[in-house]
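1. Need a 3D model of the following:
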Amino acid sequence: MALAGLCAALVPLVLALLWEAPRPSRAAVLRWIPLTLVTIGLMVLLGQAG
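-> You can find the predicted model right below:
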């Protein structure tokens, strides 16, 4: 129950931060996409190896 309350309390803060923050450049997004996909792939493989 406490976790649900904490999540509900932090949602407005997170949304406010997302609206105020500057948008990343296209180059930054294109740089992070492959890294994110590789990281997710490694996490899946490590999770399966368990």
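
2. All the helices of this structure, in order from the start?
-> 2-20, 26-49 (DSSP state H).

3. lowest-confidence stretch among those?
-> The weakest mean pLDDT among those belongs to helix 2-20, with a mean of 91.

4. Show me what counts as buried in that one.
-> Buried residues in helix 2-20, counted by 16 or more other C-beta atoms under 10 Å: none are found. Placement of C-beta: from N, CA and C, glycine included.

5. so what does it touch, helix or strand wise?
-> Applying 3 or more C-beta pairs under 8 Å, 6 or more residues apart in numbering; DSSP states H and E, one finds that helix 2-20 contacts no other helix or strand.

6. Give me the contacts around it.
-> Contacts to helix 2-20, defined as C-beta atoms under 8 Å, 6 or more residues apart in numbering, come from no residue at all.

7. where's it relative to the chain centroid, distance-wise?
-> Centroid separation for helix 2-20 versus its chain: 14 Å, with C-alpha atoms, centre = their mean, to the nearest Å.

8. Restricting to C-alpha, output that helix in CSV.
-> The C-alpha coordinates for helix 2-20 follow below in CSV (Å, rounded to 0.1, in the frame of the first residue of the first chain):
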residue,chain,number,x,y,z
ALA,A,2,2.9,2.4,0.8
LEU,A,3,4.5,1.7,-2.6
ALA,A,4,1.2,2.6,-4.4
GLY,A,5,1.0,5.9,-2.4
LEU,A,6,4.6,6.7,-3.2
CYS,A,7,4.1,6.1,-6.9
ALA,A,8,0.9,8.2,-6.9
ALA,A,9,2.8,11.0,-5.1
LEU,A,10,5.8,11.0,-7.5
VAL,A,11,3.8,10.8,-10.8
PRO,A,12,3.1,14.6,-10.9
LEU,A,13,6.8,15.4,-10.1
VAL,A,14,8.0,13.1,-12.9
LEU,A,15,5.6,14.6,-15.4
ALA,A,16,6.7,18.1,-14.4
LEU,A,17,10.3,17.2,-14.9
LEU,A,18,9.6,15.7,-18.3
TRP,A,19,7.8,18.8,-19.5
GLU,A,20,10.4,21.2,-18.3
